[in-house]
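> Pasted the sequence and its predicted model underneath.
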Amino acid sequence: MPFLPPDFEIPAPPATDEFVLTPLRVDHLVLDYEAVMSSRERLWTLFGAGWGWPRADLTLMQDLVDLGWHQKEFQLRRSFNWAVMSPDGRTLLGCCYLDPSERDGFDAEACYWVRSDRVEAGLEQRVGATFRDWLAVRWPFARVAFPGRDDPW
């Protein structure tokens with residue numbers, strides 16, 4: 001069964017005065033790698049149990065492969081990954097992910113994070129609220145799991 005109905009149009013991602021979601025691409029490599037590695041320890045507490053990511057020895061080349069995979073999966077409509085960018089496009093603030101669910105009773109699984117230096121200012125809550133609302137209103141899923149947040153890995 002396909003993840004999405006074939007005729008479903010992918011909705012435009014949300015944008016606020018503080019951040020913009022844009023499809024994650026290989027040209028985000030340098031900004032993504034810096035954001036991931038500067039926040040690696042915190043990201044491991046969020047995703048390590050489920051994804052084994054990000055490893056302490058993640059290389060720039062491995063990140064490039066990951067980004068290429070994410071970009072291709074987006075094009076094929078198999079999964080969707082967005083960079084959370086500053087409005088000026090100079091800083092990758094985090095990422096949002098949407099994948100088919102491997103859990104019974106859920107249509108999709110969604111995850112999000114922001115760089116560690118933006119958590120204390122509440123950016124992660126604002127990104128999470130915007131992302132959750134967008135999924136609930138604009139996507140065709142009845143139930144979305146948020147592993148590592150609402151549900152354990």
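Perfect, I can see it now.
> all helices of the chain, in order?
Taking DSSP state H as the test, the helices found in the chain are 29-38, 40-51, 60-75, 123-138.
> any chance of those helices in JSON lines, plus mean pLDDT and mean neighbour count?
C-betas here are computed from N, CA, C, even on glycine. What follows is those, written out as JSON lines (pLDDT from 0 to 100; neighbours: other Cβ atoms under 10 Å):
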{"stretch": "helix 29-38", "mean pLDDT": "97", "mean neighbour count": "18"}
{"stretch": "helix 40-51", "mean pLDDT": "86", "mean neighbour count": "16"}
{"stretch": "helix 60-75", "mean pLDDT": "97", "mean neighbour count": "15"}
{"stretch": "helix 123-138", "mean pLDDT": "98", "mean neighbour count": "16"}
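> Residue 3: which of those is closest?
The closest of the helices of the chain to residue 3 is helix 60-75. By Cβ to Cβ, the value is 10.0 Å.
> ok and the closest one relative to helix 29-38, angle-wise?
Using axes from the mean of the first three to the mean of the last three Cα atoms, to 10 degrees, the inter-axis angle of helix 60-75 relative to helix 29-38 is 110 degrees.
> same for helix 60-75, what does it pack against?
helix 29-38, strand 80-85 (3 or more Cβ pairs under 8 Å, 6 or more residues apart in numbering; DSSP states H and E).
> Which one of those lies nearest to residue 7?
Closest to residue 7 of these, according to Cβ to Cβ: strand 80-85, at 16.8 Å.
> among the helices and strands packed on helix 60-75, which is nearest residue 56?
helix 29-38 (9.2 Å).
> how far off helix 40-51 does the closest one point, in degrees?
Going by the same axes, to 10 degrees, helix 29-38 makes 90 degrees with helix 40-51.
> who's in contact with helix 29-38?
With contact meaning Cβ atoms under 8 Å, 6 or more residues apart in numbering, helix 29-38 is reached by 24, 43, 54, 58, 60, 63-64, 67, 83, 91-95, 115-117.
> ok, now with 7 Å
With contact meaning Cβ atoms under 7 Å, 6 or more residues apart in numbering, helix 29-38 is reached by 43, 54, 58, 60, 63-64, 67, 83, 91-92, 94, 115-116.
> same check, this time on stretch 102-115
Stretch 102-115 has contacts (Cβ under 7 Å, 6+ apart) with 35, 38-39, 43, 46-47, 84, 93-101, 123-124, 127-128, 131, 135, 141-148.
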